[in-house]
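Participant: Got a sequence here, can you model it:
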Amino acid sequence: MKDAVATEVEAGGLRGRMYVSRAVSGARPESAAGDPAVVLIHGIGVSHRYLARLHQVLARTVETISIDLPGFGSSPRPDRQLTAADHGRFIHDVLDSAGVGPRVLVGHSMGAQFVLEAALQRPDQVPHAVLMGPVVDVRHRTVLRQMLALTKDALLFETPGSNALVFSDYLRCGPGWYFKQLRVMMNYRTEDRIRELGTPVMILRGATDPIATGEWCRILARRAPAGTLAEVPGCGHVVQYTGTAQVAEAISSFAGLPGSGAPEQALRRR
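Facilitator: Presented below is the predicted three-dimensional model:
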């Protein structure tokens, strides 16, 4: 990732990679020294690579961190299945070790489950959370339905570039680890866990996303004690790649971060 410092990270016997970008020289307006970092968390089978566009836009004005979780990207595969709570603890442990203070957590797809757990574990350290394209829709709670929705999204709503990143990362992940984590993803009840989240949370989706559907995301926003919903028109599931500027604007505005500047009309807020 351009201009990001990559380091190996380890916590609890698990290993991953962290990519850190501090605000680009000359592009960051004056802001409070206590601005939280933005931490981007990928979904099942993938890595930081499909978050790189969003990372680079956010890093113009705020410290931005992407993490490859254990077993994903080039990180070693753990010898046991990891729960969403395990990933949440890993996220906090490696950020603590790196001296990162308050952290706005942004998770995509299954990464939304990891971020939700992390926010529940340490609400004092997470002033805002963003769940992008969260899973698993209550009407799609079978592997077959998930695969059909993924196929529809790839064929109709994604670009060749986003598909190439996602499916090449699936190959790197390999079927063994993918299917271990798929069982975790399918059994996780986002709609129940979000009821316990006092942290302000934004549910963010591409308006044509067939995986995180509009009705599903409205359910989550209503069930969260401090939830809001935003949609990016014309984008599918990998909204951070195809609607990068709008997603960065939504995150910055929601969390009160410096760097807001994308056209407000590019978002639908509810």
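Participant: Assign the residue nearest to residue 251 when sequence neighbours are not counted to helix, strand or coil.
Facilitator: Nearest in space to residue 251, with sequence neighbours left out and distances taken as Cβ to Cβ, 6 or more residues apart in numbering, is residue 130 at 5.6 Å. All C-beta atoms are positioned from the backbone trio N, CA, C, and that covers glycine. Three-state assignment for residue 130 (DSSP: H, G, I helix; E, B strand; the rest coil): strand.
Participant: Can you tell me which residue sits nearest the middle of the protein?
Facilitator: For the chain, residue 107 is the residue whose C-alpha lies nearest the centre (Cα atoms, centre = their mean; 1.8 Å).
Participant: Spatially nearest residue to that one (excluding sequence neighbours)?
Facilitator: residue 115 (3.2 Å).
Participant: Any figure for the gap between that neighbour and residue 193?
Facilitator: Relative to residue 193, residue 115 is positioned 11 Å away (Cβ to Cβ, to the nearest Å).
Participant: Kindly confirm my reading that residue 134 forms part of a helix.
Facilitator: No. Counting by three-state DSSP, one finds residue 134 to be coil, located in no helix.
Participant: gap between it and residue 117?
Facilitator: Distance from residue 134 to residue 117, by Cβ to Cβ: 12 Å.
Participant: Between these two, point out the one with more neighbours.
Facilitator: Neighbour count, other Cβ atoms under 10 Å: between residue 134 and residue 117, residue 134 has more, with 29 against 24.
Participant: my guess is residue 34 contacts residue 127, does it?
Facilitator: No. Using Cβ atoms under 8 Å, residue 34 is not in contact with residue 127; the gap is 10.3 Å.
Participant: what touches both of those two?
Facilitator: Residues touching both residue 34 and residue 127 (Cβ atoms under 8 Å, 6 or more residues apart in numbering) are residue 102.
Participant: Neighbour count: those two, which is higher?
Facilitator: Between residue 34 and residue 127, counted using other Cβ under 10 Å, the more crowded position is residue 127 (16 against 7).
Participant: Now name the helix or strand holding the more buried one.
Facilitator: Using DSSP states H and E, residue 127 is not contained in any helix or strand.
Participant: wait, is residue 250 part of a helix?
Facilitator: Yes. Judged by three-state DSSP, residue 250 forms part of a helix.
Participant: Low-confidence ranges, this structure, go.
Facilitator: 23-33, 259-270 (pLDDT under 70).
Participant: what do you get if the cut-off is 50, keeping everything else the same?
Facilitator: 25-32, 262-265 (pLDDT under 50).
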